[in-house]
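Engineer: Predicted model, plus sequence, below.
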Amino acid sequence: METAVRLRDLGLTLVSSAGPVEILKGISLEVKRQETVSIVGPSGSGKSSLIMVIAGLERASAGRVAVFDSDLSALDEDALARFRRDHLGIVFQDFHLMPAMTALENVAIPLELAGRRDAFAAARDALGAVGLAARLHHYPGQLSGGEQQRTALARAFVIGPKLLLADEPTGNLDGETGQQVVDLLFALRAEHGTTLMLITHDPVLAARCQRQIVIGDGRIKSDRTTS
């Protein structure tokens, strides 16, 4: 099966007021296409930094990062932006919606950037698929937390991403709403055949993935199949 993500001796060092801080330390792993992987570990262990490097939002300090055989270190910022636009969906804990744009406009953004003439029609369909057909013209401030995260999911999946990266997608939601969002996330992933890597502190959510990677102190502590 095709490899979606390949990391070799990945290192990340960031500069702080106290000097250099080694965040990631020699991480090597492979994720196969359409695999679902949870990333767990204590706060400050490097989980979010790992996702940021895989997304090309943070440059690795050492090692190699390849996503669908594209060496991210060989891409400049414009090429990285195009790569994310065409291949990646990203979902954050705090939604990252544009407050001055409606739900429809938020979901249409990646399609407009790609030059799609059907951006708004496709965005409308994507919002309908997450149960928000009646909320197209509402602004984020007029939506509940669950509706905002469903809008974020619609935006992430509207391009048909090959890889979805999710950082605590239910972290700001109550239990019932979070469960609804998780069910929707996995349904959309299956429908699109998307590779999924998600960070979570929720052991039940982590167990829904085929594989669980535990990160501690910037290193992989364990990597096991869960299903």
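Structural biologist: In hand now; what should we look at? Nothing here was measured: the structure is a model prediction, and the numbers come from that model.
Engineer: In the longest helix seen in the chain, which residues are buried?
Structural biologist: Scanning the chain for the longest helix, with DSSP state H as the assignment, gives helix 175-192. Neighbour-count burial for helix 175-192, with 16 or more other Cβ atoms under 10 Å as criterion, is recorded at 177-178, 180-182, 184-186, 188-189, 192. Bear in mind the C-beta positions are built from the backbone N, C-alpha and C, glycine included.
Engineer: Let's see it as PDB, backbone CA atoms only.
Structural biologist: Taking Å, rounded to 0.1, in the frame of the first residue of the first chain, the C-alpha atoms of helix 175-192 are listed here in PDB:
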ATOM      1  CA  GLY A 175     -19.400  14.900  25.400                       C
ATOM      2  CA  GLU A 176     -22.500  14.400  23.300                       C
ATOM      3  CA  THR A 177     -21.600  17.100  20.700                       C
ATOM      4  CA  GLY A 178     -18.000  15.700  20.500                       C
ATOM      5  CA  GLN A 179     -19.300  12.200  19.800                       C
ATOM      6  CA  GLN A 180     -21.400  13.500  17.000                       C
ATOM      7  CA  VAL A 181     -18.500  15.300  15.500                       C
ATOM      8  CA  VAL A 182     -16.300  12.200  15.800                       C
ATOM      9  CA  ASP A 183     -18.900  10.000  14.100                       C
ATOM     10  CA  LEU A 184     -19.100  12.600  11.300                       C
ATOM     11  CA  LEU A 185     -15.300  12.800  11.000                       C
ATOM     12  CA  PHE A 186     -14.900   9.100  10.600                       C
ATOM     13  CA  ALA A 187     -17.800   8.800   8.200                       C
ATOM     14  CA  LEU A 188     -16.300  11.500   6.000                       C
ATOM     15  CA  ARG A 189     -12.900   9.900   6.200                       C
ATOM     16  CA  ALA A 190     -14.300   6.600   5.000                       C
ATOM     17  CA  GLU A 191     -16.300   8.200   2.200                       C
ATOM     18  CA  HIS A 192     -13.300  10.100   0.900                       C
END
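Engineer: which stretches of the protein have low pLDDT?
Structural biologist: The model of the chain has pLDDT under 70 over residues 1, 227.
Engineer: All the helices of it, residue numbers only.
Structural biologist: Under DSSP H, the chain gives helices at 47-54, 77-87, 103-113, 119-129, 145-157, 175-192, 203-207.
Engineer: now those in TSV, with distance to residue 3?
Structural biologist: Compiled in TSV, these are given as follows (distance: least, Cβ to Cβ, whole Å):
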stretch	distance to residue 3
helix 47-54	13
helix 77-87	14
helix 103-113	24
helix 119-129	28
helix 145-157	22
helix 175-192	18
helix 203-207	22
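Engineer: right, so these: which one is the most enclosed?
Structural biologist: helix 145-157 (a mean of 24; mean count of other Cβ atoms under 10 Å).
Engineer: residue closest to the middle of the chain?
Structural biologist: residue 165 (1.8 Å; Cα atoms, centre = their mean).
Engineer: Quick check: bridge partners of that one?
Structural biologist: Legend: beta-bridge partners of residue 165 under DSSP bridges are residue 90, residue 197.
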